[in-house]
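Asks: sequence first, then the predicted structure:
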Amino acid sequence: MTWCIYLTHPEVEIDPEVPVPEWGLSDTGRQRAAKAAFLPFAGGIRNVISSGETKAIETAQVFSARLNVSQRVLPFLHENDRSATGYLAPEDFEATADAFFAQPHESVRGWERAIDAQNRIVTGIRSALRHVPDGDPVLFAGHGGVGTLLLCHLMGCPVSRRHDQRRGGSWFRFDKAWLMDQTGRNLNWTEL
């Protein structure tokens, strides 16, 4: 059994002039990311893998530095591609995200389709785990949207925003085998 933690980045410095993938953690986000290194699962982690977005890399760095664990960056673990719209004001973003999850086989406002993002994150995590010795616990530092799509896949349920995290800086634990057999049940996000 190889268990994994999927941890989303916490609060970021929002700057409409900077591409979203380049946003970094805010001071509050760094403080919250540091809490992950003190959770019960932390001491067992042997591998830290993050997406290539700045906020995920910084989340992984905060965690891995505290525990002196090396980390890898895998760009294909990035958040769903929203470059067609770039920054959206909070109300507009929430409405677009609702549509993204509600219509997984359609591109909403030019965003990557949810079904494609789900296939990418599941395939990416499977690929990453092929390079991790069986039994070595792994922490993936990533994003809420694709993390929710991963969670839906692991439970074998349809894509739905009702499984979304309530707040960034949340995590869930899963077994590597669930990527194939989709027998994860009752998975839920836990806030840092």
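Replies: Now that the structure is in, tell me what you want to look at.

Asks: for the rest of this, base every contact and every neighbour count on C-alpha atoms.
Replies: OK.

Asks: can you show me the strands along this structure?
Replies: Assigned by DSSP state E, the strands in the chain fall at 3-8, 47-50, 71-73, 138-142, 170-175, 190-191.

Asks: roughly how far is the fifth one from the heart of the chain?
Replies: In terms of C-alpha atoms, centre = their mean, to the nearest Å, the centre of strand 170-175 is set 10 Å apart from its chain centre.

Asks: go on, the fourth one?
Replies: Taking the mean C-alpha point of strand 138-142 and that of its whole chain, the gap between them comes to 7 Å (C-alpha atoms, centre = their mean).

Asks: okay, now the sheet partners of that strand, with direction.
Replies: Strand pairing for strand 138-142, using DSSP bridges, gives strand 3-8 (parallel), strand 47-50 (parallel).

Asks: I'd like the ones you listed laid out as JSON lines, including distance to L149.
Replies: JSON lines is the format used below for these (distance: least, C-alpha to C-alpha, whole Å):
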{"stretch": "strand 3-8", "distance to L149": "12"}
{"stretch": "strand 47-50", "distance to L149": "16"}
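
Asks: mind putting these into JSON lines with mean pLDDT?
Replies: What follows is the strands paired with strand 138-142, written out as JSON lines (pLDDT from 0 to 100):
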{"stretch": "strand 3-8", "mean pLDDT": "97"}
{"stretch": "strand 47-50", "mean pLDDT": "97"}
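
Asks: what segments of this structure are helices?
Replies: 27-36, 54-67, 90-102, 114-129, 144-155, 178-181 (DSSP state H).

Asks: what is the orientation angle of the fourth one with strand 3-8?
Replies: Per axes from the mean of the first three to the mean of the last three C-alpha atoms, to 10 degrees, the angle that helix 114-129 makes with strand 3-8 is 130 degrees.

Asks: for the first one, same thing?
Replies: Between helix 27-36 and strand 3-8, the angle comes out at 170 degrees (the same axes, to 10 degrees).

Asks: now tell me what touches helix 27-36 from outside.
Replies: The contact list for helix 27-36, computed with C-alpha atoms under 8 Å, 6 or more residues apart in numbering, reads H9, P10, E11, V12, A42, T59, V62, F63, R66, G169, L192.

Asks: swap in 10 Å and give it another go.
Replies: Helix 27-36 is contacted by residues 7-13, 24-26, 42, 55, 58-66, 168-171, 191-192 when judged by C-alpha atoms under 10 Å, 6 or more residues apart in numbering.

Asks: re earlier: please identify the most buried of the strands of the chain.
Replies: Stretch with highest mean neighbour count among those: strand 138-142 (a mean of 27; mean count of other C-alpha atoms under 10 Å).
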